[in-house]
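# Structure, please.
(chains A and B)
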2 protein chains.
Amino acid sequence: MNEADQRATMPGESDERYQEGVVDLLAALAYGELSAFDRLAEDARTAPTLTGRAALSSMAAAEIGHYRMLEQALAARGVAVDEAMQPFAQPFEAFNSSTAPHSWLESLVKAYVGDGLAADFYREVAEWLEADTRELVLTVLADTGHSAFAEREVQAACADDRSLRDKLTLWGRRLLGEAITQAQFVVAERDALAELIIKGSGDLTGIGAMFRRLQSNHTKRMGRLGLG
Amino acid sequence: MNEADQRATMPGESDERYQEGVVDLLAALAYGELSAFDRLAEDARTAPTLTGRAALSSMAAAEIGHYRMLEQALAARGVAVDEAMQPFAQPFEAFNSSTAPHSWLESLVKAYVGDGLAADFYREVAEWLEADTRELVLTVLADTGHSAFAEREVQAACADDRSLRDKLTLWGRRLLGEAITQAQFVVAERDALAELIIKGSGDLTGIGAMFRRLQSNHTKRMGRLGLG
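Residues are numbered from 1 along each chain as shown, chains lettered A, B, ... in the order given. Have a look, this model is predicted:
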């Protein structure tokens, strides 16, 4: 039985539960957009050139465009975005403060790796959603141009600097560890979201397989930065 | 002789001079947008509520929309925005560091008063420009929603706090003084821009009258915040 059939056979109570999980998912995405905006705006401030500053500011602005779409989707479900985001603020900020970058390059790697991981995760979940919500999730996950920018900058900086490359490789591993830790906290606190993920992935084996895919994508991503 | 006639009678060299002044004006506006983005993003970070944070982040994003329009207009003139902005970075940052806000409310007042002053000035200059450029300037000056937000927050905070009101009133006066100081530095350094302003306002009497209008609008603006 595939996931769509599974959901089609859910009882009414589960449908409500499903909607609750979707609201959590959209709210987590919305907080992620605000958080990405914030981080990109901060990076823009410390960019070494005006060109870099303008590029990062534009990417930050694009995140807010995505945020507005999520706000509307939540409003259409009768949910105020600011209230729905509240439970996600603390774990996101915990991740951010436990991985505060010490340089412009650490900051670029963090954004690249963090956004990439989050996007992979949300894309997996999107597969289990009904068409409209899936479309929305995939739209707001669209890269705002940061990836190509980060690849260029990190590759150039590491090309002739082996010790910098090693340092940033370790940094990437730490980011993966912290992201998984905080994601587990979130899921442990949000029953409906946890259920959505468990039902979607089928069972615990399915969740294990998903985690392996996330890790393998992470490794590929590090490779594209010229790290790992 | 009105300004349009005056410009129509300019010799070829002056036309080139006029174009140079326009490039300066658009570049100053562009840097102002980046700067406003930065300040709004910073304020978003310290906003006391998630609602305020989302509102300020959205306003910041709108400034980048304006920035992109100016970038395109400069590109159409064969000018790279980042190079054109360079001369304006230092005076804008000098203004920002000499008026670093110490609280959320000082920050709101600074944005309100600073943007208001700048917008009044640019609107005066826009009157002397040819239609297309005038349209562009007026479009990028459109309020991104910050004004109503600031009025609400500052009025509410000062309603029952006379000493806070006095403090913010002094702050508003200091902002006016610093803004005029920095604007004079800019104009002293940029000959073509200075010429544009002098020709536009007619003569030194015209410039004096313009400054009085800016000051009188500043006073009205402080009144709308419930200050002064």
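# how much does the top helix by length along chain A deviate in direction from helix B:12-46?
Longest helix in chain A by number of residues (criterion: DSSP state H): helix A:12-46. Angle, helix A:12-46 to helix B:12-46, by axes from the mean of the first three to the mean of the last three Cα atoms, to 10 degrees: 130 degrees.
# For the following helix or strand past helix A:12-46, list every residue counted as buried.
Counting by DSSP states H and E, the next helix or strand C-terminal to helix A:12-46 is helix A:50-76. Buried residues in helix A:50-76, counted by 16 or more other Cβ atoms under 10 Å in any protein chain shown: A:50, A:52-71, A:73-74. All C-beta atoms are positioned from the backbone trio N, CA, C, and that covers glycine.
# ok, and which of these reach chain B?
Of the residues in the buried residues of helix A:50-76, proximity to chain B by Cβ under 8 Å from any Cβ of the partner chain holds for A:50, A:53-54, A:57-58, A:60-65, A:67-68, A:71.
# now these in a markdown table, with pLDDT?
Output for these, formatted as a markdown table (pLDDT from 0 to 100):
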| residue | pLDDT |
| --- | --- |
| A:Leu50 | 90 |
| A:Arg53 | 91 |
| A:Ala54 | 90 |
| A:Ser57 | 92 |
| A:Ser58 | 90 |
| A:Ala60 | 91 |
| A:Ala61 | 93 |
| A:Ala62 | 91 |
| A:Glu63 | 91 |
| A:Ile64 | 94 |
| A:Gly65 | 92 |
| A:Tyr67 | 95 |
| A:Arg68 | 94 |
| A:Glu71 | 96 |
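# B:Asp24: which of these is nearest?
Checking these against B:Asp24 with Cβ to Cβ, the nearest one is A:Leu50 at 15.8 Å.
# Can you give me the neighbour number for the nearest residue to that closest one once chain neighbours are set aside?
Using Cβ to Cβ, 6 or more residues apart in numbering or on different chains and skipping residues adjacent in sequence, the residue nearest A:Leu50 is B:Asp82, 4.3 Å away. Residue neighbour count, defined by other Cβ atoms under 10 Å in any protein chain shown, stands at 21 for B:Asp82.
# what do you get for A:Ala100?
If we define neighbours as other Cβ under 10 Å, then A:Ala100 has 9 of them.
# In three-state terms, label it for me.
coil (DSSP: H, G, I helix; E, B strand; the rest coil).
# Residues of chain A that sit close to chain B?
Checking chain A against chain B by Cβ under 8 Å from any Cβ, the hits are A:34, A:37-38, A:41-42, A:44-45, A:49-51, A:53-54, A:57-58, A:60-65, A:67-68, A:71, A:81-82, A:85-86, A:89.
# what's the nearest residue to A:Glu124 if we skip its chain neighbours?
A:Met210 (5.5 Å).
# Show the pLDDT at the one you found.
Predicted confidence (pLDDT) for A:Met210: 88.
# And for A:Gln6?
49.
# quick one: low-confidence ranges for chain A?
A:1-14 (pLDDT under 70).
# can you do 50?
A:1, A:6-13 (pLDDT under 50).
# center of it, which residue is that?
A:Ala118 (2.4 Å; Cα atoms, centre = their mean).
# Leaving out chain neighbours, which residue sits closest to that one?
Nearest to A:Ala118 is A:Gly32, by Cβ to Cβ, 6+ apart, at 6.0 Å.
# Could you check how far that neighbour is from A:Val186?
Applying Cβ to Cβ, to the nearest Å, the value for A:Gly32 to A:Val186 is 11 Å.
# where do the contact lists of these two overlap?
A:Phe88 (Cβ atoms under 8 Å, 6 or more residues apart in numbering or on different chains).
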